[in-house]
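Chemist: Structure for this input, please:
(chains A and B)
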Amino acid sequence: GAVVSQHPSRVICKSGTSVKIECRSLDFQATTMFWYRQFPKQSLMLMATSNEGSKATYEQGVEKDKFLINHASLTLSTLTVTSAHPEDSSFYICSATSGQGIGNYGYTFGSGTRLTVV
Amino acid sequence: AQKITQTQPGMFVQEKEAVTLDCTYDTSDPSYGLFWYKQPSSGEMIFLIYQGSYDQQNATEGRYSLNFQKARKSANLVISASQLGDSAMYFCAEDYGQNFVFGPGTRLSVLP
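Modeler: Numbers count the residues shown, from 1 in each chain, chains lettered A, B, ... in the order given. Sure, this is the predicted structure:
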């Protein structure tokens, strides 16, 4: 079935530094990738949608200069949290689709990244 | 805007019993999909079951079934013969063609 590999699974960084999270589709071409953030005891909130080769579309309230998304190939998307602060500590998870309904009816989630900013 | 409601923040069920997790949605689109995901404490999102808006029959996947009542806009998840490993957060989500919108989730605890 469709698999999306996300890493790192956990990362601790110092305040003010940047962190990059990668999501790779292993066995399909991900034309679109979605990035979510999940705070403790809350639901997943969409941050941005990225289509391969295009600029990401950010949801209202998400700072595009802080959360840099790159989707340069059909198998890789990255989320970079720049100048991280403790309030950015959260669980980040990606989802990918080929747009053709393969695997999990079209959407496959990565395993998530738990970011802690100290 | 699409909205998913899960009215049960937490549910308890005895092992081997069945449990129903509620989900209602609000869409005016004629074509949509409804999903249920399980999220254990590790954080991964595990796909459980899918129901398309035009599907005539309720979806079933092993111990999971979806009670789809289109007129009421509800898509409740039924887990039969609960197991201790079913303890997790459960999210209902709607695919409206552009993305998912997730409900707030229900925390299910299975008691031995």
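Chemist: looking at it, A:S77 is touching A:S50, isn't it?
Modeler: Yes: using Cβ atoms under 8 Å, A:S77 is in contact with A:S50, at 5.7 Å. Any C-beta I mention is one placed from the backbone N, CA and C, and that applies to glycine too.
Chemist: Which neighbours do these two have in common?
Modeler: A:33, A:35, A:69-71 (Cβ atoms under 8 Å, 6 or more residues apart in numbering or on different chains).
Chemist: just to revisit the earlier point, more crowded one of A:S77 and A:S50?
Modeler: A:S77 (30 against 26; other Cβ atoms under 10 Å in any protein chain shown).
Chemist: Show the pLDDT at the more buried one.
Modeler: On pLDDT, A:S77 comes in at 94.
Chemist: Return the distance of the helix or strand where it lies from the chain's centre.
Modeler: Assigned by DSSP states H and E, A:S77 falls within strand A:76-81. The gap between where strand A:76-81 is centred and where its chain is centred comes out at 6 Å by Cα atoms, centre = their mean, to the nearest Å.
Chemist: For that strand, which helices and strands make contact with it?
Modeler: Using 3 or more Cβ pairs under 8 Å, 6 or more residues apart in numbering or on different chains; DSSP states H and E, the elements in contact with strand A:76-81 are strand A:19-25, strand A:32-38, strand A:67-73, strand A:90-97.
Chemist: Mind putting those into CSV with mean pLDDT?
Modeler: Shown next, in CSV, are the helices and strands packed on strand A:76-81 (pLDDT from 0 to 100):
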stretch, mean pLDDT
strand A:19-25, 97
strand A:32-38, 95
strand A:67-73, 92
strand A:90-97, 95
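Chemist: Good, wrapping up.
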